[in-house]
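*Asks:* Give me a model of this one.
(6 chains)
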Number of protein chains: 6
Amino acid sequence: MTITRADGRTPDQLRPITIERGWSAQAEGSALISFGGTKVLCTASFTNGVPRWLTGQGKGWVTAEYAMLPRATNSRNDRESVKGRIGGRTHEISRLIGRALRAVVDTKALGENTIVIDCDVLQADGGTRTAAITGAFVALADAIEWGRQKKFIGQKAQVLRDSVAAVSVGVVDGAPLLDLAYVEDVRADTDMNVVVTGRGLFVEVQGTAEGAPFDKAELDALLELAVAGAAQLSAHQRAVLGEGA
Amino acid sequence: MTITRADGRTPDQLRPITIERGWSAQAEGSALISFGGTKVLCTASFTNGVPRWLTGQGKGWVTAEYAMLPRATNSRNDRESVKGRIGGRTHEISRLIGRALRAVVDTKALGENTIVIDCDVLQADGGTRTAAITGAFVALADAIEWGRQKKFIGQKAQVLRDSVAAVSVGVVDGAPLLDLAYVEDVRADTDMNVVVTGRGLFVEVQGTAEGAPFDKAELDALLELAVAGAAQLSAHQRAVLGEGA
Amino acid sequence: MTITRADGRTPDQLRPITIERGWSAQAEGSALISFGGTKVLCTASFTNGVPRWLTGQGKGWVTAEYAMLPRATNSRNDRESVKGRIGGRTHEISRLIGRALRAVVDTKALGENTIVIDCDVLQADGGTRTAAITGAFVALADAIEWGRQKKFIGQKAQVLRDSVAAVSVGVVDGAPLLDLAYVEDVRADTDMNVVVTGRGLFVEVQGTAEGAPFDKAELDALLELAVAGAAQLSAHQRAVLGEGA
Amino acid sequence: MTITRADGRTPDQLRPITIERGWSAQAEGSALISFGGTKVLCTASFTNGVPRWLTGQGKGWVTAEYAMLPRATNSRNDRESVKGRIGGRTHEISRLIGRALRAVVDTKALGENTIVIDCDVLQADGGTRTAAITGAFVALADAIEWGRQKKFIGQKAQVLRDSVAAVSVGVVDGAPLLDLAYVEDVRADTDMNVVVTGRGLFVEVQGTAEGAPFDKAELDALLELAVAGAAQLSAHQRAVLGEGA
Amino acid sequence: MTITRADGRTPDQLRPITIERGWSAQAEGSALISFGGTKVLCTASFTNGVPRWLTGQGKGWVTAEYAMLPRATNSRNDRESVKGRIGGRTHEISRLIGRALRAVVDTKALGENTIVIDCDVLQADGGTRTAAITGAFVALADAIEWGRQKKFIGQKAQVLRDSVAAVSVGVVDGAPLLDLAYVEDVRADTDMNVVVTGRGLFVEVQGTAEGAPFDKAELDALLELAVAGAAQLSAHQRAVLGEGA
Amino acid sequence: MTITRADGRTPDQLRPITIERGWSAQAEGSALISFGGTKVLCTASFTNGVPRWLTGQGKGWVTAEYAMLPRATNSRNDRESVKGRIGGRTHEISRLIGRALRAVVDTKALGENTIVIDCDVLQADGGTRTAAITGAFVALADAIEWGRQKKFIGQKAQVLRDSVAAVSVGVVDGAPLLDLAYVEDVRADTDMNVVVTGRGLFVEVQGTAEGAPFDKAELDALLELAVAGAAQLSAHQRAVLGEGA
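*Replies:* The predicted model follows:
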């Protein structure tokens, strides 16, 4: 059977990926990443010192915030700042990104430093959280290097244990597909976001039956697609970050 | 190897489960569920009619809200009503419960009716979200019956496609364990919540590496434990709801 | 004239009262109290130390928060955490409970310790604030004992000067009634909440003309009923707390 | 025994009372009232029509809001608009004023009209809530007359059943005192606010033991003082409003 | 051509100005100012010390908050405290007043003291922000004197470099007018608020085309009117403050 | 005298200006504009219909919202959505952009359509509000064309009366400078933002003395610079929009 995807991809094909490392002139690390029509600006802000609740433990802190510009999507959404509260989806994705990054950071090696990652979706076409994680890692790596050059981090400290990337997979019309675009995402029966390290281990597996519940075989097929896709994203990250990464 | 769990359970053993169906004299459906020391009051509020955005489509709506009493936990947390905003964790769990229940509801068969499920944690000892989902299903089933008796739902409408229950699993000191109590949860390397239907299909799989990332073999071991545990919970639900369920 | 109340009580009769002392496994003191269909979970959280504004004065602090589960009542109310603000009624009752408890506490004897009482209405059928005060006292007494055993409070310190309980009274169809159930409360012309100590002194008298204004004779009749009812509640508290109280 | 009050008053003496009727050029009714150093601007805003939840019942609606300017008191308080939430005390007093006014209004006679009373404390020296109620009645009466002249209210409709005024009383150093100034209020053992109609009936009795609990005899002494004081305030209101009131 | 203004003024004539210095018995400085029907109560609260972010720099801080009573205007506006957020207009005017006052204050000479100015509009008829600035200066001057007498400010410190006042101007039906009343303001094509020091220098020029854009000649005509009007207001301030000012 | 600016510009020279028209694939109109290091993404969202309060008047509505990404600036700012409230500066600039655009729109010709402009600062280096206005006009023009092609706007309707652009000017070290970069802005004695139409008329003039107050001669010098700078920006806009604009 040949699946024809709307944009002509094969089921196991990623959309065109671009990563503009160092997009921001202000942040200690940054990347403008695109997964097809999805564009996310990721910045990493490095601060020497940690929040009060962590002081004196010799450990650093990495956290993340995700947001979407009001007209990133096809119709305009009210700003969360105007509504005066952050929605559940925003909270959930911010937490996911933070967990994903912390999974590859040795906070002891980071020392008492704080890195805040901001992932702002400038344009959305499916997969914004996975693009955000993938781009955030690049920004994070550069912020860590900045901290090393400024001597806030030891010269030999191995802060990053591994790299991390994420990709979405889903079952659309019975077929497992990699890296869903928005038109595919809304039609998916099962939707899964998978966060994988550069070594191919899982950091997070979040699968949801949007339509019919799924069985173990479907889960396995999706995970296999995801691991292969994440490996390509990891390669992209390595290419962008170069030798040192 | 013999694992000794703090409360003497075997790795694949649930805590004592109790479900007090109809605990509330006010709600159309209710259940006070306990998974060991975790106690959650689940109520289902039935309203004839749907929110404006759904009107006229011949479909119903099921949603859920989760919250914790301030002293459900070992030390007191400020009330979210006092803080003036709902935290990310609360939002995330509320959304999870809603999705889990909607996965087994035929909203066409429900008709233009709304059911709001409230899951309030009276006492917390790990697994509050999984207890909430498991108890919420009982409250939901009774609210649907109430609606049927009041003729808001057709007498033969098959609103529930299946039952749904949830359980946590995790890797603690290298061993996969079922239904983590709080003391186990904080030490888990990998933490997973799995939502399973009565027929044994997955509705939601959420696995997170709290410590080291995990591989496919660990994932499989955890899922196997979860499916077996969920089957027992489904049996509890059937026992409590009786023949009709 | 014989008044027939909906539930068959005489005008000066309380509803069945139950107090489950120590309901919570987490809190330093707790009680699940019921006045008929009204059920309130009261927990007392003990913390060594006081808020900054009270530091160094050698005095303790007792405060209270009242809230209702969304489906405690006959129809569901939106959560105050979701609305993002606490309503006037909630504020008013929280303040009332705090004042009532502080009236019998010797804060010097308590020492620099803080006790926060949470009163969460699980089911509401009139008199939630009076049940809350009556149950809160039991939770408070146990939390004070806990502090004594932990040596945060002097062994001979007389922290409680007296006990405190509360009851509602009202004029319904011209007749003064004790401990109004919800169906009576909505029809009352005058509605009064009275907080009384174990020795029979007033801590708070709050009478409101919901219909026609009232005169001194009515006020006196209501107070007499309230004092007698409160004495019975004080006896319940003593029975539950035992000798030491 | 002769009590010497800080400002030379006898125990049963009110502070100097002034009521500037029609202070505002904008509102349909208004009064700038002073009880000694306490100054409250009361405005009544008349709107033809009622809130949606009351539509079609042939009844009107009267409500009130109380607030204090940030520097009404001896030291500055943050604005509630800046804090983003209204405090419990503000809520409580707003509700009290609304209940007091509604107690003398025949909402059927008012017809489907809404009157919102705003009581803004420009300067505070004790008794702000009682001054607010007393001034609010004057503003209300004028707004009703305005509505009658504009034909929104029937020419013969008897909207006001009675007048209403309020005064504080308290026990200071063992002596019952009328109309407490701030320096007396902070030293009072028992503090009571009493709302009384022009005919001498009670609308609201709110007594609180700030220090030692009180007995029936003290309560009676305070109520007697309050009724006499309120009668003088009612006379002031009549003098200001003239014949028609 | 003779312009006839609704209130009979000539184009370059201010409305009647009154300044009641020391209106408040509580604040360290205060003024009730009226520009015709616009009445603003300005209070200045002096605190020894500065906010944490300014500590140790030997400089003081002056800030301002502006607000309107709900029925200051012709129809009632909801309170910002009730809405839970401050509107853009309120924010904007508060910031303007603060900047205007700081422009004439030598914060070094003020020393580590804070002055908060509150400008509350009791009645509004156009020009509330300009009346607020003009009255706020009087309150500020008195608060500085208070601080000097309390020895928080050096006896010879020259805290005020100049006085400051503000006035509105606008083009109505093609004619430049000084000090717009509300009925003129709503019809103005161009609306300008000008803040001028006692020496005639500009602190702030804010001109907005409400209708057609304006050219340099119109701008110049308006500025000339404003400078002349501000000079009269400065004279009023000097008259009220007396010699020392 | 030769002024040497940090980036080598002459006093009357703009920074390099770029306008990427149609940057967003989602919005009806969009532009990514840069004034040197300041980059603002402007999107225009077109909706057929108007807010309820404007319905039936045959007029359209144009409004704007301004915001800054948290790390647009040199150090990170907390998100306004996280703080739960919009700051005064954000409000003020949003209102300014809206007024500037409405000044050149014939809302009758627009018909009952709404255009919301979002200006999100991706990177900030001074002049964000003036870049926002200048870019917003381009997005607005394209959204109007989109509405015309979709037949929501009449084919011959002359919706735009003129173009509009904005630029900052200021006095730094005694010298009037055009288009201040951040390092210049913080050192400016006088800071002015000027909004000018394509025909060279003023829409808004906002000048503030940050240091010493300024006189008429300085004001005139600054306005002259601003008008010349705005003319260049208008030319850029015309070049980007092409013939039809």
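*Asks:* show me the contacts for the residue of chain A found nearest chain E.
*Replies:* Per C-beta to the nearest C-beta, A:Gly84 is where chain A lies closest to chain E, at 6.3 Å. To be clear about C-beta, it is placed using only N, CA and C from the backbone, and glycine gets the same treatment. Counting by C-beta atoms under 8 Å, 6 or more residues apart in numbering or on different chains, A:Gly84 touches C:84, E:84-85, F:84-85.
*Asks:* what's across from A:Ala175 in the sheet?
*Replies:* Bridge pairing for A:Ala175 (DSSP bridges) gives the partners A:Val172.
*Asks:* Ranking helices and strands of chain A by mean pLDDT, which lands last?
*Replies:* When each helix and strand of chain A is scored by mean pLDDT, DSSP states H and E, helix A:80-83 comes last, with a mean of 87.
*Asks:* and that helix, which residues are buried?
*Replies:* Neighbour counts over helix A:80-83 (16 or more other C-beta atoms under 10 Å in any protein chain shown) mark A:80-82 as buried.
*Asks:* so which of the contacts of A:Gly84 would you say is closest to D:Ser45?
*Replies:* Nearest to D:Ser45 out of those is E:Gly84 (C-beta to C-beta; 20.7 Å).
*Asks:* Would you quantify the distance from the closest one to F:Gly84?
*Replies:* Per C-beta to C-beta, to the nearest Å, E:Gly84 is found 9 Å from F:Gly84.
*Asks:* How about A:Ala25?
*Replies:* Distance check for A:Ala25 against F:Gly84: by C-beta to C-beta, it reads 30 Å.
*Asks:* Excluding chain neighbours, what is closest to A:Met68?
*Replies:* A:Val121 (4.2 Å; C-beta to C-beta, 6 or more residues apart in numbering or on different chains).
*Asks:* Would you pull up how far the helix or strand hosting that neighbour lies from the middle of the chain?
*Replies:* Applying DSSP states H and E as the criterion places A:Val121 in strand A:113-123. Averaging C-alpha positions (C-alpha atoms, centre = their mean, to the nearest Å) puts strand A:113-123 10 Å from its chain's average.
*Asks:* is chain F contacted by the very next helix or strand once past it?
*Replies:* Following the chain from strand A:113-123 toward its C-terminal end, the next helix or strand by DSSP H and E is helix A:128-149. No - on the criterion C-beta under 8 Å from any C-beta of the partner chain, helix A:128-149 is out of touch with chain F, staying 9.7 Å away.
*Asks:* Only alpha carbons, please: show helix A:128-149 as PDB.
*Replies:* The C-alpha coordinates for helix A:128-149 follow below in PDB (Å, rounded to 0.1, in the frame of the first residue of the first chain):
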ATOM      1  CA  THR A 128       5.100  22.800  17.800                       C
ATOM      2  CA  ARG A 129       6.100  21.000  21.100                       C
ATOM      3  CA  THR A 130       8.500  18.600  19.400                       C
ATOM      4  CA  ALA A 131      10.100  21.400  17.300                       C
ATOM      5  CA  ALA A 132      10.400  23.400  20.500                       C
ATOM      6  CA  ILE A 133      12.300  20.600  22.400                       C
ATOM      7  CA  THR A 134      14.500  20.000  19.400                       C
ATOM      8  CA  GLY A 135      15.400  23.600  19.000                       C
ATOM      9  CA  ALA A 136      15.600  24.200  22.800                       C
ATOM     10  CA  PHE A 137      18.400  21.700  23.100                       C
ATOM     11  CA  VAL A 138      20.500  23.700  20.600                       C
ATOM     12  CA  ALA A 139      19.900  26.900  22.500                       C
ATOM     13  CA  LEU A 140      20.700  25.200  25.800                       C
ATOM     14  CA  ALA A 141      24.000  23.800  24.500                       C
ATOM     15  CA  ASP A 142      25.100  27.200  23.500                       C
ATOM     16  CA  ALA A 143      24.100  28.800  26.800                       C
ATOM     17  CA  ILE A 144      26.100  26.200  28.600                       C
ATOM     18  CA  GLU A 145      29.100  27.000  26.400                       C
ATOM     19  CA  TRP A 146      28.600  30.700  27.100                       C
ATOM     20  CA  GLY A 147      28.600  29.900  30.900                       C
ATOM     21  CA  ARG A 148      31.800  27.900  30.500                       C
ATOM     22  CA  GLN A 149      33.500  30.800  28.700                       C
END
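*Asks:* what sits opposite the residue nearest to A:Val105 when sequence neighbours are not counted in the beta ladder?
*Replies:* Distances taken as C-beta to C-beta, 6+ apart place A:Val62 nearest to A:Val105, at 5.3 Å, with adjacent residues excluded. On the basis of DSSP bridges, A:Val62 is bridged to A:Ile115.
*Asks:* Provide a list of residues in contact with A:Val62.
*Replies:* A:Val62 neighbours (C-beta under 8 Å, 6+ apart): A:98, A:101-102, A:105, A:107, A:110, A:114-117, A:140.
*Asks:* residues contacting the closest residue to A:Leu54 other than its chain neighbours?
*Replies:* In space, A:Leu54 comes closest to A:Trp61 once its chain neighbours are excluded; the distance is 5.7 Å by C-beta to C-beta, 6+ apart. Applying C-beta under 8 Å, 6+ apart to A:Trp61 gives the contacts A:50-51, A:54, A:107, A:113-115.
*Asks:* residues in contact with A:Arg21?
*Replies:* Contacts of A:Arg21 (C-beta under 8 Å, 6+ apart): A:30-31, A:138, A:142, A:240-241.
*Asks:* hmm, 6 Å instead?
*Replies:* A:31, A:138, A:240 (C-beta atoms under 6 Å, 6 or more residues apart in numbering or on different chains).
*Asks:* Check whether the residue nearest to A:Met68 really touches A:Thr128, as I assumed.
*Replies:* Yes - the pair A:Val121 / A:Thr128 is scored as a contact, 4.8 Å apart, by C-beta atoms under 6 Å.
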